[in-house]
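Q: what's the 3D shape of this:
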Amino acid sequence: MPSEKRPVFVDPRHLQDRWRDGLVRVEVKRPRSVQHNALYWSQLHEIVASGATKYPTAEHLHDAIKAEMGYVSPVYQLDGSVVFVPDSTAFEKMTQKDFNAFYERAIELIQTHLGIDVSQLERAA
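A: Below you'll find the predicted structure:
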């Protein structure tokens with residue numbers, strides 16, 4: 001563990017009545033990178049705008065990528081059949097570490113299945 005010191009913000013509302021217990025729970029969270037998320041979405045929008053896919057929107061392409069990678073949840077219909085709905089990659093649903101892995105797999109998928117050189121898109125973003 002690094003020995004560097006960093007400022008810590010603790011919301012005072014979380015400390016009310018807890019100081020008497022002698023214990024305070026601290027949760028360390030690293031925020032998602034807004035820039036990384038924006039890069040991903042700009043790449044999807046550029047792919048769709050280029051006409052290189054059959055998907056009409058970046059959101060449709062995103063759903064197809066999630067489905068191909070297994071980021072889905074089953075939904076059981078009333079008739080007993082099962083459909084799979086793409087999971088969320090929203091900031092509160094996925095850590096930055098998880099998004100890094102998702103992004104790398106998504107880029108690999110785009111390159112292998114769609115034949116698009118994503119490194120060319122990154123320069124344009």
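Q: what segments of this structure are helices?
A: In the chain, the helices defined using DSSP state H lie at 34-50, 58-69, 96-114, 118-124.
Q: compute the inter-axis angle for the longest one and helix 58-69.
A: Using axes from the mean of the first three to the mean of the last three C-alpha atoms, to 10 degrees, the inter-axis angle of helix 96-114 relative to helix 58-69 is 90 degrees.
Q: coming back round to it: deepest of the helices of the chain, which one?
A: For the helices of the chain, the largest average neighbour count (mean count of other C-beta atoms under 10 Å) is found in helix 58-69, namely a mean of 17. The way it works is simple: take the backbone N, C-alpha and C, and place the C-beta from them, glycine included.
Q: and that one, what does it pack onto?
A: Using 3 or more C-beta pairs under 8 Å, 6 or more residues apart in numbering; DSSP states H and E as the contact test, the elements touching helix 58-69 are helix 34-50, strand 82-86, helix 96-114.
Q: I'd like to know which of the ones you listed lies nearest to P74.
A: strand 82-86 (5.1 Å; C-beta to C-beta).
Q: nearest residue to the middle of this structure?
A: The residue lying closest to the centre of the chain (C-alpha atoms, centre = their mean) is T89, at 3.7 Å.
Q: just the pLDDT at that residue, thanks.
A: Predicted confidence (pLDDT) for T89: 95.
Q: that one contacts F102, correct?
A: Yes: with contact defined as C-beta atoms under 8 Å, T89 reaches F102; the gap is 6.3 Å.
Q: for stretch 54-73, what is the distance to the chain centroid?
A: In terms of C-alpha atoms, centre = their mean, to the nearest Å, the centre of stretch 54-73 is found 13 Å from the chain centre.
Q: send me it as PDB with only the CA atoms.
A: The C-alpha trace of stretch 54-73 is given here as PDB (Å, rounded to 0.1, in the frame of the first residue of the first chain):
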ATOM      1  CA  LYS A  54     -26.000  -2.000 -39.600                       C
ATOM      2  CA  TYR A  55     -26.800  -0.300 -36.300                       C
ATOM      3  CA  PRO A  56     -28.800   2.900 -36.600                       C
ATOM      4  CA  THR A  57     -27.500   4.500 -33.400                       C
ATOM      5  CA  ALA A  58     -24.500   4.300 -31.100                       C
ATOM      6  CA  GLU A  59     -26.800   3.100 -28.300                       C
ATOM      7  CA  HIS A  60     -27.900   0.100 -30.500                       C
ATOM      8  CA  LEU A  61     -24.200  -0.700 -31.200                       C
ATOM      9  CA  HIS A  62     -23.500  -0.400 -27.500                       C
ATOM     10  CA  ASP A  63     -26.300  -2.900 -26.700                       C
ATOM     11  CA  ALA A  64     -25.000  -5.300 -29.400                       C
ATOM     12  CA  ILE A  65     -21.500  -5.100 -27.900                       C
ATOM     13  CA  LYS A  66     -22.800  -5.800 -24.400                       C
ATOM     14  CA  ALA A  67     -24.900  -8.700 -25.600                       C
ATOM     15  CA  GLU A  68     -22.000 -10.200 -27.500                       C
ATOM     16  CA  MET A  69     -19.800  -9.900 -24.400                       C
ATOM     17  CA  GLY A  70     -22.400 -11.500 -22.100                       C
ATOM     18  CA  TYR A  71     -23.300  -8.300 -20.200                       C
ATOM     19  CA  VAL A  72     -27.000  -9.300 -20.100                       C
ATOM     20  CA  SER A  73     -29.600 -10.400 -17.600                       C
END
